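1. sharing a model that was predicted from the sequence below.
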Amino acid sequence: MGNSEIRRVDREIVKAERKLEAARQHELWPLTASEKRKVITALAGGSHAVLRGNSTTRAESKLDRLTVQIESRLAAELSALRTVRETLIREDAKTKAQDKAAKKSSGWW
């Protein structure tokens, strides 16, 4: 059971790494619905400011803040998955060591 769980967590880690890289590339697919809405609202606000001939610094700073928040959320997910993986590996090694010790102690000789 341990190896299958570790493989499952490994697949989740790969997905999380892809999401983080996509977020750094400013792609929208790894974002949650509320994050997408916030990004699109900031983009619309910036384009509206351009049409009116105003400065876009407020919209740009809002986008920068959103990008930092999104990257930190995805990095936290990745970190949590790596912690789970380490825990599973540690538990699997502990179980194997206990099984080996039990087998050795119950031997004939």
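-> Yep, that arrived.
2. pLDDT of the helix or strand residue 93 falls within, averaged?
-> Residue 93 belongs to helix 57-105 when assigned by DSSP states H and E. Confidence over helix 57-105 (mean pLDDT, whole number) is 91.
3. for the remainder of this discussion, apply numbering that starts at 34.
-> I'll keep to 34 as the first residue from here, and by that count the last item is helix 90-138.
4. chain center to it: distance?
-> Using CA atoms, centre = their mean, to the nearest Å, the mean C-alpha position of helix 90-138 is found 8 Å from that of the whole chain.
5. which other helices and strands contact it?
-> helix 35-57, helix 66-85 (3 or more CB pairs under 8 Å, 6 or more residues apart in numbering; DSSP states H and E). C-beta: built from backbone N, CA, C; applies to glycine.
6. next, the buried residues of the first one.
-> Taking 16 or more other CB atoms under 10 Å as the basis for neighbour counts, the residues of helix 35-57 that come out buried are 39, 42, 45, 46, 49, 52, 53, 56.
7. contacts only, for the nearest residue to the third one once chain neighbours are set aside.
-> Read it as residue 45. In this structure, residue 45 finds its nearest non-sequential neighbour in residue 114, 5.4 Å apart by CB to CB, 6 or more residues apart in numbering. Taking CB atoms under 8 Å, 6 or more residues apart in numbering, we find residue 114 in contact with 42, 45, 46, 49.
8. residue 71 now?
-> Neighbouring residues of residue 71 by CB under 8 Å, 6+ apart: residue 99.
9. measure it to residue 96 for me?
-> Using CB to CB, to the nearest Å, we find residue 71 at a distance of 9 Å from residue 96.
10. good, wrapping up.
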